[in-house]
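Enquirer: Could you look at this predicted model? Sequence included:
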Number of protein chains: 2
Amino acid sequence: MVEKLTPLSEDFNEWYTDIIQLAQLADYSPVKGTMVIRPYGYSIWEGIQKYLDKKFKETGHENAYFPLFIPQSFIQKEAEHVEGFSPELATVTHAGGKELEEPLIVRPTSETIINYMFSKWIKSHRDLPMLINQWANVVRWEMRTRLFLRTSEFLWQEGHTAHKTREEATDEALKMLDVYAEFAENAAAVSVIRGTKSNNERFAGAVCTYSIEAMMKDMKALQAGTSHELGQNFSKAFEIQYSDENNELKFPFQTSWGVSTRLIGMIIMAHGDDKGLNLPPKLAPIQVVIIPIIPKDDQKHIVMETVDKISNELNEKFRIKVDTRENLSPGFKFNEWEMKGVPLRVEVGPKDVENSSVVFSRRDGVGGKYNVEFSKVFDEVSSTLENIHEILLENSKNFREQNTFHVSTMQELIDKLNSTPGFVTAFWDENSQDEEDIKNQTKATLRCYVLGNNEAGESVNNPGTQGKLAIFSKAY
Amino acid sequence: MVEKLTPLSEDFNEWYTDIIQLAQLADYSPVKGTMVIRPYGYSIWEGIQKYLDKKFKETGHENAYFPLFIPQSFIQKEAEHVEGFSPELATVTHAGGKELEEPLIVRPTSETIINYMFSKWIKSHRDLPMLINQWANVVRWEMRTRLFLRTSEFLWQEGHTAHKTREEATDEALKMLDVYAEFAENAAAVSVIRGTKSNNERFAGAVCTYSIEAMMKDMKALQAGTSHELGQNFSKAFEIQYSDENNELKFPFQTSWGVSTRLIGMIIMAHGDDKGLNLPPKLAPIQVVIIPIIPKDDQKHIVMETVDKISNELNEKFRIKVDTRENLSPGFKFNEWEMKGVPLRVEVGPKDVENSSVVFSRRDGVGGKYNVEFSKVFDEVSSTLENIHEILLENSKNFREQNTFHVSTMQELIDKLNSTPGFVTAFWDENSQDEEDIKNQTKATLRCYVLGNNEAGESVNNPGTQGKLAIFSKAY
């Protein structure tokens, strides 16, 4: 049992796992590499699901559910796909008391089984586009695990789509990348960079992988979501064919895209501090905690009358909690809700009731403790939560910019990556071997080529040629 | 590919699987015994989840997520539990390219892993009650499968709770049974009987199992939800102990309860008819379908103007769909939406626009086709959907009552079960062997002892002794 939070500056990794324990987000499970998501952590995931599911539906996608088990032969149908996933597969060999004729793979991702079904459902151009999403658990057997960031089982959503043209598929992949970026910034209050992956970092089976990359408080990168153009790789492997307007058989172009419970890790590492978790208001399971301060028993009635009135009013629009536990001091409660990252605390004591006001205290510390008149509480909560979101997002952006450095030569790139935590940008001429060399010398990887950046410059790895703006960083 | 719906009266089983195909609720998967839930079927499940999740939270439960894989040794800790589930287990023996030291079981239910975690979380009486729910997939290897009703993998929720006293646990188990019954009647419009299971039919590891039982249109019973009192069986097996107010170590009393995607099967079989699915309005993904009727191209503008106006108005409160597909006749569309069970159809043609009215047509056929003035459409939709729900529920109740027969002797019980489809009630003196005999002679099982029925009478199986009112029936 962790008792006290390790300071962030002392040991970032310890700080991270301490918060998860102390804020009761998750727990280790008896099965190596897997985790239990506790109610408080799960309610953050529910907030993420609700936000994204609405966006997916608004952009025309429908949810469905495909089997957990995939025949081994399916995984082997797409050459790069099987190579990429083979080392991580978990295999069911026995079921119902018998050995199975063909072992079953516990899905590491569902491209293969979904595309098998697409081959049954897609017959005509009128069946396209097919826009499917699945919320599910997946299993990738990991040797080195880390709560929320890398576990053998995790929860995610995976979108799978099929389109008539390559252009439509490209648009879809980029549209969903935008949905993820919009979520990161407008819900999680984490500033992200949209990018394209290098060939080395591409999804196994994709022709192009896009990602959003965020900077954590230890200046490492976190890949927060990916969106893939699959070209016709899977439609050819699974013989998905439709007859077009001229009755000719065609293979559709496809995409897939996903985010996972890793987003909870991102939220912890992007906003947390030495007091604990620091939740963005739009995803906080509790946005406002109200703490009655009752020095003497006979003041209880008058304090609780005000607390009830305020909580009923706020309850209409906000997710609130009234902490009425009687055996705990206000100070203990303050610490606990700060650890749990509740964006705003409202204290109500006898003095406050007398003055027709309450005390606000923001999790981010801005403004210290200050009084708010009864009549203004509702509006003030609303604007304060908005302001907390804006400041979190701004801080996230500023922090990344302050810790991003541009270099002009290969040696500078290596030196900077080895000497200074953060992102390093450089113009780069796509080359897998050069990229591998950088990784071996610095442990940093090419996170992405920055999307929408049209600057070009002499590449650091192949002087004399033009390169694209790339970001290098150590990453989770 | 199914082309045409088999009539219900001709072959109920064919009718059932035809509907699932024709309404695109689900599809067979390439893995034996598993299914793909297609978007239309999944959206019914989403409605079920939304309704129940709200109730679970209102009754104080929190969602969490526990691992898919369970160590084999855990399953073996509770004697009855392992015996009940052993024949159905799927086992992972290899992962990450290696053979595992201890095989992992794919959860058939999560009592064991959750109670292992409870033993870490529950230390003091202040930690009780612990009220947890999980939405998840589970795997039970079935030999004879049936879409939605019995598949090797299915989706469900499982509640798991721990309490200080046996009374509290009993109250919880019954409270959640009531939540299920309320859902069945107020959301799914299916009348159910609350009951207690006999020892033969009890959950493996429980001291008492409650269920809700519904009658399907072929007069067979469907167990739609179960709630179990686990006593201290699991708390003792997993050494869950808390110190009570006097600092004495105690084992808590527990419950678990669940419903699954089988509820979709219930909805199909309780309300469907020879036109297809017939969805209860509260769970219908589309409550109202609006069909523009455009005999001539130059009438399109005027019809669509009205359609847009009405759909915008209805969209505020109802789940609606405007079917603007141009290459299909109105008749084709009518059949398709009837097959998909949409409760209410609204037609808008040029004549209707002229008369400032639209045409309503209920899926249940009540009232035939009738005109509704523009100004009354919103209110009329609201009251019509309510009325459709009421009639579905009433029909479900009447149908069960008309097909329930009471008998007074063992011979009558056997004869009735063999001669007439339906429920047969009798006073019964709990006796596993007698129950087994009935099953062998009639294929019917003791569905439940009726809860809240205080009648007592001479038992049919042990004349001279009093029995409790029991229901026998063939069942899914």
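Expert: Sure, I can see it. As the structure is a computational prediction, the values presented were derived from the model and not from experiment.
Enquirer: Can you give me the buried ones in whichever helix or strand A:F183 is part of?
Expert: Taking DSSP states H and E as the criterion, A:F183 maps to helix A:166-186. Neighbour-count burial for helix A:166-186 flags A:168-170, A:172-174, A:176-181, A:183-185 (criterion: 16 or more other Cβ atoms under 10 Å in any protein chain shown). The C-beta positions use only the backbone N, C-alpha and C, and glycine is treated the same way.
Enquirer: check contacts around A:A426.
Expert: If you count contacts by Cβ atoms under 8 Å, 6 or more residues apart in numbering or on different chains, A:A426 has them with A:H406, A:V407, A:S408, A:E412, A:L413, A:S459, A:V460, A:G467, A:L469, A:A470, A:F472.
Enquirer: let's see it at 7 Å
Expert: Counting by Cβ atoms under 7 Å, 6 or more residues apart in numbering or on different chains, A:A426 touches A:H406, A:V407, A:L413, A:V460, A:A470, A:F472.
Enquirer: Looks to me like it is in a strand.
Expert: Yes. Membership of A:A426 in a strand is supported by DSSP: H, G, I helix; E, B strand; the rest coil.
Enquirer: Distance of the nearest residue to it once chain neighbours are set aside relative to B:G258?
Expert: Nearest residue to A:A426, sequence neighbours excluded (Cβ to Cβ, 6 or more residues apart in numbering or on different chains): A:V460, at 4.6 Å. For A:V460, the distance to B:G258 (Cβ to Cβ, to the nearest Å) stands at 58 Å.
Enquirer: now A:F234, nearest residue through space, not along the chain?
Expert: In this structure, A:F234 finds its nearest non-sequential neighbour in A:N115, 4.6 Å apart by Cβ to Cβ, 6+ apart.
Enquirer: How about the secondary structure of that neighbour?
Expert: Three-state call for A:N115 (three-state DSSP): helix.
Enquirer: same thing with A:L283?
Expert: The three-state assignment at A:L283 reads coil, by three-state DSSP.
Enquirer: Is the spatially closest residue to it that is not a sequence neighbour within a helix or a strand, and which one?
Expert: What sits nearest to A:L283 in space, not counting adjacent residues and going by Cβ to Cβ, 6+ apart, is A:G47, at 4.2 Å. Assigned by DSSP H and E, A:G47 falls within helix A:39-58.
Enquirer: Residue numbers of the stretch 251-400 of chain A in contact with chain B?
Expert: Proximity of the stretch 251-400 of chain A to chain B, by Cβ under 7 Å from any Cβ of the partner chain, involves no residues.
Enquirer: where exactly do the helices run in the stretch 251-400 of chain A?
Expert: With helices called from DSSP state H, counting those that start in this stretch, the stretch 251-400 of chain A shows them at A:262-271, A:300-315, A:330-339, A:350-354, A:377-402.
Enquirer: For stretch A:346-362, give the mean pLDDT please.
Expert: Mean pLDDT, computed over stretch A:346-362, is 97.
Enquirer: Just the endpoints, please. Distance across it?
Expert: Start-to-end span of stretch A:346-362 (Cα to Cα, to the nearest Å) is 9 Å.
Enquirer: pretty sure the residue nearest to A:A426 is touching A:T425, no?
Expert: No. Using Cβ atoms under 7 Å, A:V460 makes no contact with A:T425, being 10.1 Å away.
Enquirer: ok, A:S432 - how many residues close by?
Expert: A:S432 is flanked by 12 other residues according to other Cβ atoms under 10 Å in any protein chain shown.
Enquirer: Which residues are in contact with it?
Expert: Each residue near A:S432 by Cβ under 7 Å, 6+ apart is listed here: A:N199, A:N200.
Enquirer: Intersect the buried residues of helix A:166-186 with the contacts of chain B.
Expert: Okay, of the buried residues of helix A:166-186, nothing touches chain B (Cβ under 7 Å from any Cβ).
Enquirer: between those, which is nearest B:I37?
Expert: Taking Cβ to Cβ as the measure, B:I37 lies nearest A:M176 of the buried residues of helix A:166-186, at 22.0 Å.
Enquirer: For the stretch 101-250 of chain A, give me the ranges with low pLDDT.
Expert: Scanning the stretch 101-250 of chain A for pLDDT under 70 picks out nothing.
Enquirer: Now the stretch 101-250 of chain A against chain B: closest residue?
Expert: Chain B sits closest to A:W141 of the stretch 101-250 of chain A, with a gap of 3.5 Å, by Cβ to the nearest Cβ.
Enquirer: quick one, phi/psi of the residue nearest to that residue when sequence neighbours are not counted?
Expert: Spatially, and ignoring its direct neighbours in sequence, A:W141 is nearest to B:G96 (3.5 Å; Cβ to Cβ, 6+ apart). Backbone geometry at B:G96, expressed as degrees, to the nearest 10, gives phi 60, psi 30.
Enquirer: try A:E101
Expert: Per-residue torsions, A:E101: phi -70, psi -50 (degrees, to the nearest 10).
Enquirer: And for A:F69?
Expert: Dihedral pair for A:F69: phi -100, psi 140, per degrees, to the nearest 10.
Enquirer: and the stretch 101-250 of chain A, which residues reach chain B?
Expert: Applying Cβ under 7 Å from any Cβ, one finds that the stretch 101-250 of chain A approaches chain B through A:L104, A:V106, A:Y116, A:M117, A:N137, A:V139, A:W141, A:M143, A:E153, A:L155.
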